[in-house]
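> just coords:
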Ligand SMILES: CC(=O)SCCNC(=O)CCNC(=O)[C@H](O)C(C)(C)COP(=O)(O)OP(=O)(O)OC[C@H]1O[C@@H](n2cnc3c(N)ncnc32)[C@H](O)[C@@H]1OP(=O)(O)O
Ligand SMILES: O=C([O-])CC(=O)C(=O)O
């Protein structure tokens, strides 16, 4: 007799294709982008260099980087009809829905007419996404129509400038740079896989990215940075955090910002962003959120052997820079867009439609039942 128990493997451990973009490994020491170790990239690179690396397969030389930064700067403006759409979206909308609509609307206005345009469209989204989310945020929350065409040298600096209405400090722009590098690429994660599935039908790049934004929105993926913040912000002391956390574990609740589908021992991005969160905590004189976060980390390891993933210490780091919680996951979008687009290019280069099989667990063949005979 057939086993009709539904299975939910999540395709774990199965190879779904090949990539030259990223290795992840399981132990927490194998994360590389095109062969470059994440620690080296976070320490030495600019996010724009990493974007170039992912898109073009090599690190840019100085002349190429200067030209690329200048190009991105020139692409930050938004068409009037896109601004008009953003102005219609209410302040209480989910910002990831705003991102999804923004990406989709851009695709209507600046449609990819053929794959030869894929690099131009990717650059445009990379430059314009911080403008889209901040234009909406500042209009709906502060009632101002911001000029999105700033002269900032970096994507992270541009984002913070639009959000806060003044140029970011060098220090905050540096933290954003590191954060954007850490979030840029991660092999066949759910949102990237979404983008690749869409690309495999030979769809346009805006559709691939719009779908990927929808996948990243969920709290089991990119939405975890916001969910982690929502969890820790109520706790006043490490002792309260430990008490509440133990209760959550007892009730078998998922703790956001912990665990990983691939890593088994640690997520290498955590130690890097944690270090920056600590420096920011010292800078703003925090005596609550960082100690609470550290206690949560220690209890999760002690009780469950679960470690922080990339999202957990991003929550406090972003908070210390005055970024509203609801914009955390959209920042992830502004970064991961590079990985998504690079994967779309790669999928298109060697394409076969992605179409796995399913194990059928439904009823055996049945005769047609006329409507009058149904219960
Ligand atoms: C940038 C990123 O997208 S990183 C991921 C961000 N997501 C989160 O932080 C959400 C919280 N974490 C999770 O939900 C999961 O760890 C995921 C979705 C990331 C990975 O899911 P899976 O691969 O299914 O996890 P895994 O197989 O390692 O789980 C093993 C066990 O640990 C438990 N577990 C895993 N993560 C957590 C967690 N965060 N809190 C509590 N228990 C957990 C699982 O429920 C499972 O228990 P069970 O065997 O009793 O069912
Ligand atoms: O790889 C994953 O499954 C999730 C993740 O950490 C990421 O996308 O950065």
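Yep, that arrived. All figures in this text were calculated on a predicted structure; none of them were measured in a lab. Residues are numbered from 1 along each chain as shown. Ligands and ions are numbered 1, 2, ... in the order given.

> Do I have it right that residue 106 meets residue 125?
Yes - applying C-beta atoms under 8 Å, one finds residue 106 in contact with residue 125, separated by 6.8 Å. (C-beta placed from N, C-alpha, C; glycine too.)

> tell me the phi and psi of residue 168?
phi -70, psi 150 (degrees, to the nearest 10).

> Please list all residues in contact with the residue of the stretch 201-350 of the chain found nearest ligand 2.
Ligand 2 sits closest to residue 261 of the stretch 201-350 of the chain, with a gap of 4.4 Å, by C-beta to the nearest ligand atom. Neighbour list for residue 261: 10, 12, 189 [criterion: C-beta atoms under 8 Å, 6 or more residues apart in numbering].

> mind putting those in JSON lines, distance to ligand 2, pLDDT and secondary structure included?
Formatted as JSON lines, these follow (distance: C-beta to the nearest ligand atom, whole Å; pLDDT from 0 to 100; DSSP: H, G, I helix; E, B strand; the rest coil):
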{"residue": "10", "distance to ligand 2": "10", "pLDDT": "92", "secondary structure": "coil"}
{"residue": "12", "distance to ligand 2": "10", "pLDDT": "90", "secondary structure": "coil"}
{"residue": "189", "distance to ligand 2": "3", "pLDDT": "98", "secondary structure": "coil"}
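
> Give me the buried entries from these.
The neighbour-count criterion (16 or more other C-beta atoms under 10 Å) marks residue 189 among these as buried.

> any idea which helix or strand carries residue 213?
Per DSSP states H and E: residue 213 is located in helix 205-216.

> List the first helix or strand encountered after that helix toward the C-terminus.
That would be, after helix 205-216 and using DSSP H and E, helix 224-232.

> Which elements pack onto that next one?
For helix 224-232, the elements it packs on are helix 289-304, helix 312-320, helix 328-349, judged by 3 or more C-beta pairs under 8 Å, 6 or more residues apart in numbering; DSSP states H and E.

> mean confidence score for the second one?
What that stands for is helix 312-320. Per-residue pLDDT values over helix 312-320 give a mean of 98.

> Check the offset of that helix from the chain's centre.
14 Å (C-alpha atoms, centre = their mean, to the nearest Å).

> hang on, the earlier thing: if you compare the helices and strands packed on helix 224-232, which one is most tucked away?
When those are scored by mean count of other C-beta atoms under 10 Å, the highest mean neighbour count falls to helix 312-320 (a mean of 27).

> how about it, does it reach ligand 1?
No - against ligand 1, helix 312-320 shows no contacts by C-beta under 6 Å from any ligand atom, the least distance being 7.2 Å.

> Up against ligand 2, what does the protein have?
186, 189, 261, 262, 309, 310.

> now the residues you listed in TSV, with distance to residue 202 and secondary structure?
TSV is the format used below for those (distance: C-beta to C-beta, whole Å; DSSP: H, G, I helix; E, B strand; the rest coil):
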residue	distance to residue 202	secondary structure
186	25	coil
189	22	coil
261	28	coil
262	29	coil
309	33	coil
310	32	coil
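
> Tell me the one among those nearest to residue 225.
In terms of C-beta to C-beta, no member of these lies closer to residue 225 than residue 310, at 8.2 Å.

> Spatially nearest residue to residue 334 (excluding sequence neighbours)?
residue 129 (4.7 Å; C-beta to C-beta, 6 or more residues apart in numbering).

> So for the residue of the stretch 201-350 of the chain closest to ligand 2, what's the pLDDT?
96.

> Quick check: phi and psi on it?
phi -70, psi -30.

> any idea how far residue 190 is from it?
8 Å (C-beta to C-beta, to the nearest Å).

> out of everything not next to it in sequence, what's closest to the residue of the stretch 151-300 of the chain found nearest ligand 1?
Relative to ligand 1, the nearest point of the stretch 151-300 of the chain is residue 259 (2.4 Å; C-beta to the nearest ligand atom). Leaving aside its chain neighbours, residue 259 sits nearest to residue 306 (5.0 Å; criterion: C-beta to C-beta, 6+ apart).

> I'd guessed that neighbour sits against residue 255; true?
Yes - using C-beta under 8 Å, residue 306 is in contact with residue 255, at 7.2 Å.

> Need the residues touching each of these two.
By C-beta under 8 Å, 6+ apart, the residues touching both residue 306 and residue 255 are residue 300.

> Looking at those two, which is more packed in?
Per other C-beta atoms under 10 Å, whichever of residue 306 and residue 255 has more neighbours is residue 255, with 21 against 17.

> for the residue nearest the centre of the chain, what are its contacts?
Ranked by distance to the mean C-alpha position of the chain (C-alpha atoms, centre = their mean), the top residue is residue 332 at 3.2 Å. Neighbouring residues of residue 332 by C-beta under 8 Å, 6+ apart: 183, 216, 222, 225.

> Give the burial count for the second one, as a bare number.
Read it as residue 216. Neighbours of residue 216 using other C-beta under 10 Å come to 27.

> Just the pLDDT at it, thanks.
98.

> swap in the last one?
For residue 225, the pLDDT comes out at 94.

> number of nearby residues for it?
28.

> you'd agree it is up against residue 315?
Yes - using C-beta under 8 Å, residue 225 is in contact with residue 315, at 5.3 Å.

> list the residues that contact both of those two?
By C-beta under 8 Å, 6+ apart, the residues touching both residue 225 and residue 315 are 257, 328.

> just the residues of the chain that are near ligand 1, which are they?
Applying C-beta under 6 Å from any ligand atom, we find that the chain lies next to ligand 1 at 220-222, 224, 254-261, 306, 309-311.
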